[in-house]
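Asks: Got a sequence here, can you model it:
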Amino acid sequence: MTKVADKTVLITGAAMGMGRLHAQRAAERGARRIVLWDINRDALDEGSRHLSQWTQNVETYVVDVSDVNSIEDAARQTLAHGTVDVLFNNAGIVVPGDFLSHSPEQIERTIRINTLGVMYVARSFLPAMIKQGSGHLVNISSASALMALPYGSVYAASKWACYCWSESVRLELEDQGHRNIHVTTVCPSFVATGMFEGAKAPFLTRFLTTEEIVDAVWKGLERNKIFVLAPFAAHFTLPMRALLPTRIFDAISRHFFGISDAMKNLRGRSATKQQGSVR
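Replies: Predicted coordinates for the structure are as follows:
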């Protein structure tokens, strides 16, 4: 069981949406030190003020997780004050449109934030976790990592990579004997943070509230769960893909669940703001 009381918790994309609520949960559970990373200084300051009703032990860093130098500089400053016990890799972005509408810059930035950023942040803090013999990584992937997502192809690719990397690192750590370092991979469907404004939830699913998914993540964290999938219908995705012929699965996804329409009208947020809210 992972408990955060008297521990250090770091959240990327911490200034709004899920990140801000993760920080609040850490404060409510008695974290000794809460470290907030985000690209938005004003929102960071507001988030820090919000946490002051629970704790004064809050550190804020302006970090662009698409930039490995920004990550490493902030990590050095953070580690100078002690090891991070629980790391939430929460920052992420999504760009609306079909694949050919994406510019090379948009493609690269999505991969840098949603995939490379997650890896570089973890790489910065895992050695200290290994040295102290304990720690917990919470990597926010997406339900789109479990199936194709038309009109969200670059986002889905970045989350597929995050999902597979997270699982691979978990197995590496276990194989190397670091069994007190836990990895939880989170795969939610659409969350009502504003990031997916204009999207349409597939049939039998709905937009999750921020509180619902954050509560699910914290239950998974505290129980050392390997996966957190939400809503419940997401649990059927991988078995259906494994059991059904591809064209039948495609037809069910398109015509029953409506996956082809889910992202067609996505508006979302600006890339700068999105580093502070995910899913």
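
Asks: Just the buried residues of stretch 176-189, please?
Replies: His178, Ile181, His182, Val183, Thr184, Thr185, Val186, Cys187, Pro188, Ser189 (16 or more other CB atoms under 10 Å). All C-beta spots, glycine's among them, are computed from the backbone N, C-alpha and C.

Asks: now that stretch: mean pLDDT?
Replies: Mean pLDDT, stretch 176-189: 96.

Asks: just the helices in the stretch 151-279 of the chain please.
Replies: 153-175, 210-222, 237-243, 246-251, 271-274 (DSSP state H, counting those that start in this stretch).

Asks: okay if I get the buried residues of stretch 176-189 as a markdown table plus distance to Val95?
Replies: Shown next, in a markdown table, are the buried residues of stretch 176-189 (distance: CB to CB, whole Å):
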| residue | distance to Val95 |
| --- | --- |
| His178 | 36 |
| Ile181 | 33 |
| His182 | 32 |
| Val183 | 27 |
| Thr184 | 26 |
| Thr185 | 23 |
| Val186 | 21 |
| Cys187 | 20 |
| Pro188 | 19 |
| Ser189 | 18 |
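
Asks: Of these, which is the nearest to Val68?
Replies: When these are compared for distance to Val68 (CB to CB), Val183 wins out at 21.1 Å.

Asks: Grab the nearest non-local neighbour of the closest one.
Replies: The shortest distance from Val183 to any non-neighbouring residue, by CB to CB, 6 or more residues apart in numbering, is to Arg170 (3.7 Å).

Asks: following the one helix or strand Gln77 maps to, which helix or strand shows up next?
Replies: Here Gln77, judged by DSSP states H and E, is contained in helix 68-79. Going down the chain from helix 68-79, the next helix or strand is strand 86-89, by DSSP H and E.

Asks: partners of that following strand in the sheet?
Replies: strand 8-12 (parallel), strand 135-140 (parallel) (DSSP bridges).

Asks: so which of those is the most packed in?
Replies: Of the strands paired with strand 86-89, the one with the most neighbours on average (mean count of other CB atoms under 10 Å) is strand 8-12, at a mean of 27.

Asks: Report all helices and strands that the helix or strand following that strand contacts.
Replies: Using DSSP H and E, the helix or strand that directly follows strand 8-12 along the chain is helix 17-28. If you count contacts as 3 or more CB pairs under 8 Å, 6 or more residues apart in numbering; DSSP states H and E, helix 17-28 packs onto strand 8-12, strand 33-38, helix 41-51, strand 86-89, helix 210-222.

Asks: Include distance to Asp73 and mean pLDDT when you put those into TSV, please.
Replies: Output for the helices and strands packed on helix 17-28, formatted as TSV (distance: least, CB to CB, whole Å; pLDDT from 0 to 100):
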stretch	distance to Asp73	mean pLDDT
strand 8-12	14	98
strand 33-38	11	98
helix 41-51	15	96
strand 86-89	17	98
helix 210-222	27	96
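
Asks: Format these as CSV; extra columns: distance to Gly135.
Replies: Below are the helices and strands packed on helix 17-28 laid out as CSV (distance: least, CB to CB, whole Å):
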stretch, distance to Gly135
strand 8-12, 10
strand 33-38, 14
helix 41-51, 22
strand 86-89, 7
helix 210-222, 12
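
Asks: which pair in the buried residues of stretch 176-189 spans the largest distance?
Replies: Farthest apart among the buried residues of stretch 176-189 by CB to CB are His178 and Ser189. That separation is 31.2 Å.

Asks: avg pLDDT for stretch 264-275?
Replies: Taken as a whole, stretch 264-275 has an average pLDDT of 61.

Asks: begin at 37 from here
Replies: Done: numbering now begins at 37, and the last item shifts to stretch 300-311.

Asks: What residues are bridge-paired with the residue nearest to Ala62 when sequence neighbours are not counted?
Replies: Among residues not flanking Ala62 along the chain, Val45 sits closest, at 4.2 Å (CB to CB, 6+ apart). Beta bridges link Val45 to Ile70, Val122 when assigned by DSSP bridges.

Asks: give the contact list for Val45.
Replies: Ala59, Ala62, Ala67, Arg69, Ile70, Val71, Val120, Asp121, Val122, Leu123, Phe124 (CB atoms under 8 Å, 6 or more residues apart in numbering).
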